[in-house]
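A.B. asks: Kindly generate the corresponding structure for this input.
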Amino acid sequence: MIGTFESLGRRLRPAVAAAALVAFASAGALAQEGHPADAPLVVAMDVGYAPWAMQAPDGTTEGFQVDVMNEIARQLGRPGIEVIDTNFSALFAGLFASRYELIGSPIAITPERAKEMAFTEAFVTNGQAFITLASEADITDFETLRGKEIATNSGSTADKYLTDNAAQYGWSVQRYDKDTDAIQAVIANRAYAALTDVYRGRYSVASNDRIKVGYAMSTDTQVGLALRPGDDEFLAAVEGAIECMKMSGKFAEIHQKWFGAPPAAESAMNAVFVGIGAVGFEGYDATAYHVPSCK
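C.D. replies: Here you go, the predicted model:
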């Protein structure tokens, strides 16, 4: 997908993005219907999906996306965030039912999802990783997975990949409400491997020497925030906050905090895109030429 962005000629580096855009209304001044300016930003997260969102020892919620959403709330002029813990498979239904303002968990942008939801521009470039016991040989050929049980988070893009390719490679899919349960299935020998996103996979194995990344796929999956379709003014405000974070280096700072390294040079975290929405997907508006008022 990055190649698609480049070919469209709409990718701007944060250092020059502000100078290339036209003035736009201050995101913090907006108070749209259903988005009260004096109340916390209500977001849904799959808490337990470390390092994106997880429970801290003191009972609060912490993680990469928690830091991101707190900064977005600050840019919007909102007094913090309220996290609604929601299993990944139920995130989209809750969004459509207006139980929260947006999904704070990182959502892989796909053509199917873009038809149903509004997406911000991408801010993470991700892939997929097979997690196995450390004692297993590395996966070099998917034929070695024939007849094996593969665990995953129900409703995720990993679930879709496994389901779409089950007939070809002959694996069976175990689905769990929490990604942590899918990985635990490997540790407990209920599944041979678990498929998750690369970030999640590498974070998990770093703290548990019983498991490893047996194989990683660089899929160039673009990840953004999902909002209700038709919530255009709010989408513009949230996207403006994301662009402020890219231009100020806040995203890179949060990445360094949780992963111990800066984001890869080719990551969407290092690029501001002209227009509003996810470039190359339904709902993207290339004519929405703007610059946010950053705080």
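
A.B. asks: Near G80, how many residues? Count them for me, please.
C.D. replies: Applying other C-beta atoms under 10 Å, we find 11 residues neighbouring G80. All C-beta spots, glycine's among them, are computed from the backbone N, C-alpha and C.

A.B. asks: For stretch 281-295, C-alpha coordinates in CSV please.
C.D. replies: Included here for stretch 281-295 are C-alpha records, laid out as CSV according to Å, rounded to 0.1, in the frame of the first residue of the first chain:
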residue,chain,number,x,y,z
PHE,A,281,-9.6,3.5,-0.1
GLU,A,282,-13.2,4.3,-0.4
GLY,A,283,-14.0,7.5,1.4
TYR,A,284,-10.7,9.2,0.8
ASP,A,285,-11.2,12.9,-0.2
ALA,A,286,-8.1,14.2,-2.0
THR,A,287,-9.7,17.7,-2.4
ALA,A,288,-10.0,18.2,1.4
TYR,A,289,-6.8,20.3,1.4
HIS,A,290,-6.0,21.6,4.9
VAL,A,291,-3.6,22.1,7.7
PRO,A,292,-4.6,21.6,11.4
SER,A,293,-4.1,24.1,14.1
CYS,A,294,-1.7,22.2,16.4
LYS,A,295,-1.4,22.7,20.1
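
A.B. asks: Would you mind finding the longest strand in the protein?
C.D. replies: strand 211-227 (DSSP state E).

A.B. asks: do you know how far A118 is from Y100?
C.D. replies: Counting by C-beta to C-beta, to the nearest Å, the gap from A118 to Y100 is 14 Å.

A.B. asks: the more surrounded of the two?
C.D. replies: Shown here are A118 and Y100; by other C-beta under 10 Å, A118 has more neighbours (25 against 20).

A.B. asks: Any idea how many residues pack against the closest residue to the more buried one other than its chain neighbours?
C.D. replies: Excluding its sequence neighbours, the residue lying closest to A118 (C-beta to C-beta, 6 or more residues apart in numbering) is L227, at 4.5 Å. Per other C-beta under 10 Å, the neighbour tally for L227 reads 20.

A.B. asks: Going by residue numbers, what spans are helices in the protein?
C.D. replies: Listed in chain order, the helices of the chain (DSSP state H) span 2-8, 14-20, 64-76, 91-96, 111-114, 157-169, 179-187, 198-206, 232-248, 250-259.

A.B. asks: Now tell me which of those helices the model trusts least on average.
C.D. replies: Note on the helices of the chain: lowest mean pLDDT is at helix 2-8, with a mean of 36.

A.B. asks: My guess is L76 contacts A241. True?
C.D. replies: Yes. Assessed by C-beta atoms under 8 Å, L76 is found in contact with A241 at 5.9 Å.

A.B. asks: Domain map for this protein?
C.D. replies: 2-124+222-273, 126-219 (automatic domain parsing).

A.B. asks: Put together CSV for those, with distance to G283 on each row.
C.D. replies: As requested, the domains of the chain are arranged in CSV below (distance: least, C-beta to C-beta, whole Å):
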stretch, distance to G283
domain 2-124+222-273, 6
domain 126-219, 18
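
A.B. asks: Figure out which of those domains is closest to V291.
C.D. replies: domain 2-124+222-273 (3.6 Å; C-beta to C-beta).

A.B. asks: gap between E82 and S135?
C.D. replies: Taken as C-beta to C-beta, the span from E82 to S135 is 43 Å.

A.B. asks: wait, I meant A182
C.D. replies: In terms of C-beta to C-beta, A182 sits 19 Å off from S135.
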